[in-house]
Each structure stands twice: as structure tokens, then as C-alpha cells.
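Trainee: With the sequence up front, the predicted model follows.
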Amino acid sequence: MQNYSNNLINMEYMNKLFDCIRLIDMEFKSIYQEKKIDTCVDYIPEFKFEDRQDIYHQCLAQDSAIYLSKKEGHCLLIYVVLPTLVDKKRLVMECIVNITKRLDINQLCTSNDNLYKLAITDELTGAYNRRYINQKLPLTIEKCFKNRIPLSLIFLDIDSFKIVNDLYGHEAGDYLLCEFVEELQKITKQSTDWVARYGGDEFLMCLTGMDNLDAKEIAERIRKTVERKLFVYSGHRIEITCSIGVYTVDSFHMIPKFEKILREVDIKLYEAKKAGRNKVKH
Ligand code: GH3
Ligand code: MG
């Protein structure tokens, strides 16, 4: 492309900066001249006058450059559109650069995934957190309802956990919370099952496709495992128990609200506590 020094445009610099430079003749709605960088292997959109004619007109009308970024498929493109004069003819210069690789979209996606994981994970135990429950539970309910399969929730709370903290220290308490979650995670086998920390020493297990009796059996198994396990922290031998509520959605007349289901399973947990702790209520 010739050097349009009359427009104060440094073409050498422009050629380095952009993958494609086009001169557009507005009268004939066509390309007057085009240069694609030989080394450019990235996607550059074909010229289509109709796609950007408004921008070209605007650029000429205001006699100044217009900058825009556009996402096309997986590509991110930067356009600079500016007025120019060639052979005494007023043209529009359209400069395009594909910055997808320079930005490293994959890296951006990975960072985004990592941020999302952080946002839905409980920092201490590595279980999901309350935010995850609020997002995921309504979706899980809807999915089970549509597929006409039961959904069981198990709500667990460590008994007299405050006393454990008081006796052995907060760090020992933290250690127990992590060990407790590990036991719960051993139980969840299906990829659709999940364990989340509801808050403090309360945890929620979500078991897709599981009926109330099976869920009760699992809860009983957890209760016994925890009761029998000897936790050792900093030379202290610590024993704990937990109370468990089980609630199952297995009728399919009307899709239940997730707040209602949480309330129901909380009531079951409360019954287990009221019955003397270290119990399962379903
Ligand atoms: P209950 O049998 O009725 O459940 O008695 P509890 O003592 O377990 O119940 P309460 O809700 O009164 O206390 C929960 C305790 O859990 C209080 C708090 O000190 C402790 N706790 C909450 N979060 C954490 C944590 O992240 N680390 C530790 N170490 N303790 C925590
Ligand atoms: Mg407790």
C-alpha cells in the first residue's frame, strides 16, 4: 500500500500494528485497495460494506477516527476506521487487528474458571459454600422435577461443637470440620451429588435420584462412622457426634421452592437435636 503521508498517517507503523488495512470507496461501496499482512494467519472478516456502512459514514461525517472492538465467534477484533485522501479522492481507511491470541483467551477462561471456583468454595473445608447452595439447589430441584426422579437432602450439624472449640482450641475445631467434610465426600459417589457447608458446623448433602429410605440409610452410615471415629489433633484424642435431618422431594405435582425444601430439612435436623442429638430424623 502506498504511503499516504499527506494524511499524516505513518503507513510503516500502521502495517506493523494491523493485520489488514483496507481503503474503501464509498461511492462504489467497494474496496479501493487492500493489504493483508503476509504473516497473518488469524481470522480477518471479509469486507461487507453493509455490515459497517454506518460507521464509515459516521467517520466521514465527523472527519475523525472511530475505534471499536468486536467479538466474532471466538475472535476478538479491533477496528480503527479513519478518513483519508488518496488521489484527491476521499476514502475510508479500515484497519483491523485480530487480538485473540495476544489476549490469550484460553488463559482468560482459565482465570475466570478459577475465580468461579473460589467464589463457590468454602475456604476452610474445600466443600462448596452457601453461594453454591443458592445457585445450584434450585437448578438441581428443577432437573429432578423434570426427570421425575427423587431428590434427597441430608442436613448435618456437629453436636456441641462449641464445647470442642472451648476444650481443644479453635484450630482443633477447624481440623475437625475438614475431617468431617472428608467423611461426607467419601459418601458422595455420583458426579451429580455434592456437599456444601451451609455455615459454621452445618453441612448440606444433595443426592440426586435417591429416595428417602436410601438417603436415611446413608445418613445413618455417616452418623455411625462419625460416632466411631477417633480424631487426633495435636496429641488430643477427640470424639464427636452429629445430628442429621433427611428430607426427600418425591412428589411431582408442583415444583417446590428451594427455600421450602431447606426449611423442611432444617425441621428434620431440629427434631434430631431435640430427640437428644446423635440421631437421624427423616
Ligand atoms: P449443637 O449441638 O446445638 O449444634 O451445639 P453447637 O455447639 O454445635 O452449636 P452452636 O450453633 O451453638 O455452635 C456452633 C459452633 O461452631 C460455634 C462456633 O464457635 C463454631 N464454629 C463455627 N464456624 C467455625 C469455624 O470455622 N471453625 C471453628 N473452629 N469453629 C467454628
Ligand atoms: Mg452444632
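Mentor: Good, I have the coordinates. Numbering: from 1, shown residues only. Ligands and ions are numbered 1, 2, ... in the order given.
Trainee: give me the number of residues near the spatially closest residue to Phe49 that is not a sequence neighbour?
Mentor: Residue nearest to Phe49 in three dimensions, not counting chain neighbours: Lys29, with 4.3 Å by C-beta to C-beta, 6 or more residues apart in numbering. C-beta coordinates here come from the backbone N, C-alpha and C atoms, glycine included. Here the count is done by other C-beta atoms under 10 Å, and Lys29 has 12 residues near it.
Trainee: what's the answer for Leu139, then?
Mentor: Using other C-beta under 10 Å: Leu139 sits among 10 other residues.
Trainee: Next: Ile141.
Mentor: By other C-beta under 10 Å, neighbour count at Ile141 equals 21.
Trainee: ok, residues contacting the helix or strand harbouring it?
Mentor: Element membership for Ile141 (DSSP states H and E) is helix 130-146. Under the criterion C-beta atoms under 8 Å, 6 or more residues apart in numbering, residues 119-121, 128, 150-151, 192, 194, 196-199, 204, 206, 208-209, 249, 252, 255-256, 258, 261-262 lie in contact with helix 130-146.
Trainee: ok, of those, which come out buried?
Mentor: 120-121, 128, 150-151, 194, 196-198, 204, 206, 208, 249, 256, 258, 261-262 (16 or more other C-beta atoms under 10 Å).
Trainee: Looking at the helix or strand Lys16 falls within now, give me its mean pLDDT.
Mentor: Assigned by DSSP H and E, Lys16 falls within helix 11-17. Throughout helix 11-17, pLDDT has a mean value of 74.
Trainee: Low-confidence stretches in the stretch 101-250 of the chain?
Mentor: Low-confidence segments of the stretch 101-250 of the chain (pLDDT under 70): 103-106, 108-109.
Trainee: Name the residues of it found near ligand 2, please.
Mentor: When proximity is defined by C-beta under 5 Å from the ion, the stretch 101-250 of the chain lies next to ligand 2 at 157-158, 161, 201.
Trainee: ok now do the residue in the stretch 151-282 of the chain that ligand 1 sits nearest to, which residues does it touch?
Mentor: Per C-beta to the nearest ligand atom, the residue of the stretch 151-282 of the chain with the smallest distance to ligand 1 is Gly173, at 2.5 Å. Gly173 makes contacts with 161, 164-165, as judged by C-beta under 8 Å, 6+ apart.
Trainee: In helices only, show me those residues.
Mentor: Assigned to helices by DSSP state H, the following of those qualify: 161, 164-165.
Trainee: of all those, which comes closest to ligand 2?
Mentor: When the ones in helices among the contacts of Gly173 are compared for distance to ligand 2 (C-beta to the ion), Phe161 wins out at 4.3 Å.
Trainee: Tell me the buried residues in stretch 171-183?
Mentor: Those would be 172-173, 175-177, 179-181, 183, for stretch 171-183 by 16+ other C-beta under 10 Å.
Trainee: What are the boundaries of the helices in this structure?
Mentor: Under DSSP H, the chain gives helices at 11-17, 49-62, 100-103, 105-120, 130-146, 161-168, 170-187, 212-228, 258-274.
Trainee: So which residues lie in contact with the fourth one, not counting its own?
Mentor: Around helix 105-120, the neighbours that count as contacts under C-beta under 8 Å, 6+ apart are 74, 76, 128-129, 131-132, 135.
Trainee: Most neighbours out of those residues, which is it?
Mentor: Neighbour-wise, those (other C-beta under 10 Å) top out at Tyr128, 22 neighbours.
Trainee: Next one: that residue from Met14, what distance?
Mentor: Separation of Tyr128 from Met14 (C-beta to C-beta, to the nearest Å): 51 Å.
Trainee: How about Ser69?
Mentor: 18 Å.
Trainee: more crowded one of the two?
Mentor: Met14 (18 against 10).
Trainee: dump the residue contacts of the more buried one.
Mentor: By C-beta under 8 Å, 6+ apart, the contact set of Met14 is 21, 95.
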